[in-house]
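Chemist: model this:
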Amino acid sequence: MLLQRGEVLGYDFDRSIVEFTMVDQSNVILCAISTAAVDDLERRRDVKPDQRVDQFMRLREVIEERASRKFFEEHAQANRPVLLRSNDFAR
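Modeler: Now for the predicted structure:
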């Protein structure tokens, strides 16, 4: 069973992450992906801070699928965030 899509919370400039949520039954799971990971996925390095949410939206399906797999692979708990980094998408 995969997590369900939640909300896009936005780009955190100070932490260089895009935050979003996923839902496991009735539990909301806080998730984030580093900008380095999103850049690696898109093979771009020229994305400006105000374009980060749009970049996330272009790659949302891939990102959310990996967040869901990571959540279950690591037996994550609903009270712990799922943070995706570049190595989570290593081929």
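Chemist: in the protein, what spans have low per-residue confidence?
Modeler: For the chain, the stretches with pLDDT under 70 are 76-78, 91.
Chemist: strands along that one, start to end?
Modeler: 4-12, 17-24, 27-34, 82-84 (DSSP state E).
Chemist: make a markdown table out of those and add mean neighbour count.
Modeler: (Each C-beta comes from the backbone N, C-alpha and C, glycine too.) Shown next, in a markdown table, are these (neighbours: other CB atoms under 10 Å):
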| stretch | mean neighbour count |
| --- | --- |
| strand 4-12 | 14 |
| strand 17-24 | 20 |
| strand 27-34 | 19 |
| strand 82-84 | 20 |
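Chemist: with distance to residue 60 as added columns, please give those strands in CSV.
Modeler: Listed next are those as CSV, based on distance: least, CB to CB, whole Å:
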stretch, distance to residue 60
strand 4-12, 8
strand 17-24, 8
strand 27-34, 10
strand 82-84, 12
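Chemist: so which of these gets nearest residue 72?
Modeler: strand 17-24 (9.0 Å; CB to CB).
Chemist: which stretch among the strands of the chain comes nearest residue 57?
Modeler: strand 4-12 (7.2 Å).
Chemist: got the angle between the closest one and strand 17-24?
Modeler: Orientation check (axes from the mean of the first three to the mean of the last three CA atoms, to 10 degrees): strand 4-12 against strand 17-24 gives 160 degrees.
Chemist: tilt between strand 4-12 and strand 27-34?
Modeler: 40 degrees.
Chemist: and strand 4-12, which strands flank it?
Modeler: Paired strands of strand 4-12, with direction, are strand 17-24 (antiparallel) (DSSP bridges).
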